[in-house]
Structure formats: structure tokens, C-alpha cells
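> Could you look at this predicted model? Sequence included:
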Amino acid sequence: MSRIGKAPIAVPTGVTVTIKEGNIVTVKGPKGELSRSVPGAMQLAQENGQITVTRPSDEPAHKSLHGLTRTLIANMVEGVTKGFAKQLELVGVGYKAEVRPYGLQLALGYSHAIEYKAPVGIKLSAPVPTQILVEGSNKEVVGQVAAEIRSLRPPEPYKGKGVKYAGEQVRRKAGKAGGK
């Protein structure tokens, strides 16, 4: 049995979970509503404030989907209650982020400003001009948006300039050896 898959998912008060035909799970909570289609082979049961995921057999395909399905639903429940956040840091002279109605305007050392439009359900903020906070209820979308912003100017190994995740260690290289 999968150690992750057999653990029940606790549904907190104020959160409603509906399981429709075709294994479509919809979770509503204070931070929004998420819906997802989970693999049809997995059986979902909801009883006394908990959701359990069971697999039909011990085939390798079912084993691999068991823990995945449980984690996806648990992330949905956590997303509509607490939400998810990723923090990015801008390192470099003149690098800054400004909040605009459509999303962010970034100055990343190019000859032009970059406009990043936030997808639906994502809140972008810049508490300090050199920090970006990506918040939302869907863990996948929050991670994808953070990765897209980072890819606009990834950190380079010589001076460490660029957009990096908070706490990320940039592996530095030595520059040229220099003259004689």
C-alpha cells in the first residue's frame, strides 16, 4: 500500500468537496474554487469530514496513480484554505518590479521594460522593488508563474545577477584569471 495514498485527507470546516461522475473533484473554500479530473481508476470516498482514495489493484500503473491522486486532492484542499505563495528576488543594479493593474512591469537590464500579465487566480505583488510575491490557490499555476518570471532573466553564474527564488543558492564561477 502506498504510504501517501492510504492517508485520509481531512476536510476542514468551511470547505465543501463534491465528487461527480467521471471522478471530477470540485473543492470550494474561502480562497476560491478549484476543479480537477482525477484518474478514473481511483475510487474516491467522502465520509465524516475525510476523503479516502483507494486503488482497484496492485498493478504498477495503479500504484503510481494512488499517491498522486491523493496529493492532488490534498493540494486543492490546502489551496482553497491557506493558499500557496512563491517569493522571487531580483539581483542586479537597476533591476526592479512594479505592480500594474494587469500584473507586473519588470526592469531587468534590457533596453525595454517587460510587462508580465498575471493569469486568472494569481495575485502578484512587490512588497519591495527587488522582491516579487506570487500568490494563488492552485499550486501548479503559482509554480508555473514563478518559473515564467524567473525565466525572463535567470541568474547568471559570474555575478549572480538575475531573477532567483528566495533562498536559492546560485552556483558561482570564477571569472578570467587576469593579466600577468
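Received it, and whenever you're ready, just let me know what you need. Numbers count the residues shown, from 1 in each chain.
> can you list the domains in this structure?
Following automatic domain parsing, the chain resolves into domains at 9-81, 84-165.
> The longest one: end-to-end distance?
Distance between the boundary residues of domain 84-165 (Cα to Cα, to the nearest Å) amounts to 15 Å.
> what distance separates that domain from the centre of its chain?
Chain-centre distance of domain 84-165: 14 Å, with Cα atoms, centre = their mean, to the nearest Å.
> Same list, the domains of the chain, but as a markdown table with mean neighbour count please.
(C-beta placed from N, C-alpha, C; glycine too.) What follows is the domains of the chain, written out as a markdown table (neighbours: other Cβ atoms under 10 Å):
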| stretch | mean neighbour count |
| --- | --- |
| domain 9-81 | 16 |
| domain 84-165 | 16 |
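> rank these by pLDDT, which is bottom?
The minimum mean pLDDT among those belongs to domain 9-81 (a mean of 91).
> Centre of the chain to that one, how far?
18 Å.
> for that domain, how far is the first residue from the last?
13 Å.
> those helices in this structure, which residues are they?
Secondary structure of the chain (DSSP state H): helices at 60-81, 139-151.
> want to throw these into CSV with distance to residue 30?
Output for these, formatted as CSV (distance: least, Cβ to Cβ, whole Å):
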stretch, distance to residue 30
helix 60-81, 7
helix 139-151, 17
